[in-house]
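Participant: Have a look; sequence and predicted model below, questions after that.
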Amino acid sequence: MYWSKYFIPTLKEVPSGAEAVSHQLSLRAGLVNMLTSGVYSYLPLGLRVLNRIEQIIREEMNAAGAHEVLLPCLHPVEIWEKTGRVETMKDVMIQFKDQKGRRMCLGPTHEEIITDLARQYVQSYRQLPVTLYQIQTKFRDEMRPRFGIVRACEFIMKDAYSFDKDADGLKKNYDLMYEAYKKIFSRCGLEVTIVEADSGAMGGSLSHEFMVSSDIGEDAVVCCEGCGFRGGVNDALDNSRPCPQCRKSLKKIPALEIGHIFQLGTKYSAALGGLFVDEDGKQKPMIMGCYGIGVSRLIAALIEVHHDDKGIKWPEQVAPFNVEILPLQIGDEQTMSLARRYYQELQSQGFEVLIDDRDESAGRKFNDADLIGIPYRIVIGKRNLQTGHVELKNRLSGETKIVGFDEVTGDLVKGAFHA
RNA sequence: CGGGAAGUAGCGCAGCUGGCUAGCGCGCAUCGUUCGGGACGAUGAGGUCGGGGGUUCAAAUCCCCCCUUCCCGACCA
């Protein structure tokens, strides 16, 4: 992609009102734009990151045997009355009447909808287990949206729902999702702390939260100063908390919830008539689990964890581009032909390449490159050109390397230039 | 929903104890010079001072109401 023909509106100054680092950088790097409080547009760079995260999620969910669907955002309120959640979730539910006077709402989550769907098609234990998932926009009327896309009124979630004939099946699916989540976050470049948690408005028995430690976290985990052990905050241990591994003291650190999985049981299937006929000929409610990831929030979490004072440092797996080429003198034919050559070669080898061909000063290109945080950088400038070299820079490690013209793509392809 | 802060050009801000044609930086446009860490000069475009009402000879500036945004708290996946 040629930057001059693309849309990456970077900002030099911190937009007023943006306090959290991830909020500042997501605006400055041109990832997102606020329409109104808690409602954001995704710009090309932000959308690329979103798509890469979604791709990882899809691969791992599919590998775990889940099938992708897309449920509606628009729901009739009656279905929410059947489970009583029109009451328990009324504070976050955006409701209105359509022109026919029908009471509608925008889906804050989808247990009711998916259960209604499964109810219609699943009649027998032979059709179980089944796990469906979607990546979709959720709407929650948050009293207080916070930190940009961290807590928004409209946000993107991956939500999966498993249906089983018995508790054993649920346990297996739950464990499968638990492992899939670990892979997803690890592949995204995030270190998570998994803690047992309260099921809240979802209901059900067991649940686990996947937390990333971050200053802007609205929750907390405990961390051992000795061995590095991490775990959930247990109220019973709030006053004196020895580490279960090394007995040293634990301290509480703020953490951001990016995933939450629940063993729901039969709350929704029973309320909505999600029944099947078991092997013994008897009708039983399906046993459900649900599994959520805050996909858009992941972007903020990634920035919180991977940045420095100059900008974002995207992990390779989620970066909007793999390589950025910086031709410093766009008027110089040797510079530009070299830039175009690397652009072609790297693209043909499967890299996503951004080339900053704007007629801007070197300083601005460097600063913008640091800001948007593409992992690898090729700098083509007079300084090294005369001796037949260009500069490679690793944004993550800060390492730079001067290499000959012909070593560039080989080094990147072989992964030789890794931190 | 309680407490605090703030709304002036696309962005960041100054001006506000009432007083001249509303200013600065960045960005933007044209021209010239630059070209390895947010270059320089010249010229220029761009404003319902969040909205409404009031006080006054005169309101960005004072008073009242409303709207919006951000932060802390409560609430929440």
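Facilitator: Right, received. Where do you want to start?

Participant: residues in contact with the residue nearest to residue A:94 when sequence neighbours are not counted?
Facilitator: Leaving aside its sequence neighbours, residue A:94 sits nearest to residue A:106 (CB to CB, 6 or more residues apart in numbering; 4.5 Å). From N, CA and C alone the C-beta is placed, and that goes for glycine too. Listed by CB atoms under 8 Å, 6 or more residues apart in numbering, the contact partners of residue A:106 are A:73, A:74, A:75, A:93, A:94, A:139.

Participant: can you list the residues of the stretch 151-300 of chain A near RNA strand B?
Facilitator: A:151-152, A:155, A:157, A:200-202, A:218-219, A:257, A:260, A:292, A:294, A:297 (CB under 7 Å from any atom of the strand).

Participant: Format the residues you listed as JSON lines; extra columns: distance to residue A:307 and neighbour count.
Facilitator: Listed next are these as JSON lines, based on distance: CB to CB, whole Å; neighbours: other CB atoms under 10 Å:
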{"residue": "A:151", "distance to residue A:307": "19", "neighbour count": "20"}
{"residue": "A:152", "distance to residue A:307": "20", "neighbour count": "25"}
{"residue": "A:155", "distance to residue A:307": "21", "neighbour count": "21"}
{"residue": "A:157", "distance to residue A:307": "24", "neighbour count": "20"}
{"residue": "A:200", "distance to residue A:307": "31", "neighbour count": "11"}
{"residue": "A:201", "distance to residue A:307": "33", "neighbour count": "11"}
{"residue": "A:202", "distance to residue A:307": "32", "neighbour count": "18"}
{"residue": "A:218", "distance to residue A:307": "19", "neighbour count": "13"}
{"residue": "A:219", "distance to residue A:307": "21", "neighbour count": "14"}
{"residue": "A:257", "distance to residue A:307": "20", "neighbour count": "19"}
{"residue": "A:260", "distance to residue A:307": "25", "neighbour count": "21"}
{"residue": "A:292", "distance to residue A:307": "25", "neighbour count": "23"}
{"residue": "A:294", "distance to residue A:307": "19", "neighbour count": "24"}
{"residue": "A:297", "distance to residue A:307": "16", "neighbour count": "24"}
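
Participant: Could I get the residues you listed in a markdown table, plus columns for secondary structure, pLDDT and distance to residue A:144?
Facilitator: A markdown table is the format used below for these (DSSP: H, G, I helix; E, B strand; the rest coil; pLDDT from 0 to 100; distance: CB to CB, whole Å):
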| residue | secondary structure | pLDDT | distance to residue A:144 |
| --- | --- | --- | --- |
| A:151 | strand | 96 | 8 |
| A:152 | coil | 96 | 11 |
| A:155 | strand | 97 | 14 |
| A:157 | strand | 97 | 19 |
| A:200 | helix | 69 | 18 |
| A:201 | helix | 68 | 18 |
| A:202 | helix | 71 | 21 |
| A:218 | coil | 86 | 11 |
| A:219 | strand | 87 | 16 |
| A:257 | strand | 95 | 16 |
| A:260 | strand | 94 | 20 |
| A:292 | strand | 97 | 21 |
| A:294 | strand | 97 | 17 |
| A:297 | helix | 96 | 15 |
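
Participant: ok, which pair from the residues you listed is furthest apart?
Facilitator: Largest separation among those by CB to CB: A:152 and A:202, giving 19.5 Å.

Participant: I'd say residue A:206 and residue A:264 touch.
Facilitator: No. Under the criterion of CB atoms under 8 Å, residue A:206 is not in contact with residue A:264, lying 9.6 Å apart.

Participant: Between the two, point out the one with more neighbours.
Facilitator: Taking other CB atoms under 10 Å, residue A:206 and residue A:264 do not tie; residue A:264 has more neighbours (25 against 16).

Participant: my read: the more buried one touches residue A:289, true?
Facilitator: Yes. Here residue A:264 reaches residue A:289: they are 5.8 Å apart, a contact under CB under 8 Å.

Participant: Mutual contacts of those two, please.
Facilitator: residue A:204.

Participant: Tell me, how many residues neighbour residue A:4?
Facilitator: 12.

Participant: residues contacting it?
Facilitator: A:357, A:358, A:359.

Participant: where does the first one fall, helix, sheet strand or coil?
Facilitator: In other words, residue A:357. coil (DSSP: H, G, I helix; E, B strand; the rest coil).

Participant: so what's residue A:389 closest to, chain neighbours aside?
Facilitator: Spatially, and ignoring its direct neighbours in sequence, residue A:389 is nearest to residue A:402 (4.9 Å; CB to CB, 6+ apart).

Participant: Next up, phi/psi of the one you found, please.
Facilitator: For residue A:402, the backbone dihedrals (degrees, to the nearest 10) come out as phi -100, psi 120.

Participant: Just the pLDDT at it, thanks.
Facilitator: We note a pLDDT of 94 for residue A:402 in this prediction.

Participant: So what sits opposite it in the bridge?
Facilitator: Here residue A:402 sits in beta bridges with residue A:391, as judged by DSSP bridges.

Participant: Give the residue spans of the stretch 101-250 of chain A that score low on pLDDT.
Facilitator: A:199-201, A:203, A:234-240 (pLDDT under 70).

Participant: Do a quick rundown of the strands in it.
Facilitator: With DSSP state E, counting those that start in this stretch applied, the stretch 101-250 of chain A shows strands at A:103-106, A:130-139, A:154-164, A:193-196, A:207-213, A:219-224, A:230-232, A:250-265, listed in chain order.

Participant: Just put these in TSV and tack on distance to residue A:27.
Facilitator: Below are the strands of the stretch 101-250 of chain A laid out as TSV (distance: least, CB to CB, whole Å):
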stretch	distance to residue A:27
strand A:103-106	25
strand A:130-139	20
strand A:154-164	16
strand A:193-196	28
strand A:207-213	20
strand A:219-224	24
strand A:230-232	31
strand A:250-265	18
